[in-house]
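next come a sequence and a model predicted from it.
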Amino acid sequence: MNISFRKIDENNWRECIKLRVGNDQKRFVATNENGLALAYVHKEMNPLAIYNEELMVGFIMYARDPDDGIFYINRFMIDEKFQGKGFGREALAMLLNELRERKIEKVDILHKPDNFHAIKLYQSLGFELTEMKVGDDVISTVKL
């Protein structure tokens, strides 16, 4: 496994929007088209493709809230063909390490309250479920 992040640009955006989760997960994750549109409007967002070698396997987006300075992850998905292989865990751990190296002290991640598989992954990486909500999403947080 050789995970890396690459910016979404004119060369790979089509590949990004082709990534899909399974039908049973669609209610948990907005489309990547939606994520890229959000990043286009909100310039503080950092949309990244997750690659294994030269193959795009997922999408993650994080930002620093311009109002309160909190770093958060608001998009995270692994294509259904690549789930269960450790790519998601590796990518999320790698992003947290990069943020830690930048001296970021805390990161929030937004998710549906009943996305138990994701919650289990997040907790295994040190996230703790909070009582805070953003719309229909809840927030888990980790101190770095």
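Yes, it's here. Because the structure is predicted, anything quoted here is derived from the model rather than measured.

ranges for the helices of the chain?
Counting by DSSP state H, one finds helices in the chain at the ranges 13-18, 32-41, 87-101, 116-124.

same for the first one, what does it pack against?
Packed against helix 13-18, as judged by 3 or more Cβ pairs under 8 Å, 6 or more residues apart in numbering; DSSP states H and E, are the following elements: helix 32-41, strand 45-52, strand 55-64. Heads up, the C-betas are built off the backbone N, CA and C, glycines and all.

closest one to residue 138 among the helices of the chain?
helix 116-124 (8.9 Å; Cβ to Cβ).

burial measure for residue 123, as a count.
13 (other Cβ atoms under 10 Å).

what separation do you get for it and residue 88?
The gap separating residue 123 from residue 88 is 14 Å, by Cβ to Cβ, to the nearest Å.

that older thread, could you redo the helices and strands packed on helix 13-18 as JSON lines and give each row distance to residue 102?
Output for these, formatted as JSON lines (distance: least, Cβ to Cβ, whole Å):
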{"stretch": "helix 32-41", "distance to residue 102": "19"}
{"stretch": "strand 45-52", "distance to residue 102": "12"}
{"stretch": "strand 55-64", "distance to residue 102": "10"}
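
any chance of JSON lines for these, columns mean neighbour count?
Shown next, in JSON lines, are the helices and strands packed on helix 13-18 (neighbours: other Cβ atoms under 10 Å):
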{"stretch": "helix 32-41", "mean neighbour count": "15"}
{"stretch": "strand 45-52", "mean neighbour count": "20"}
{"stretch": "strand 55-64", "mean neighbour count": "20"}
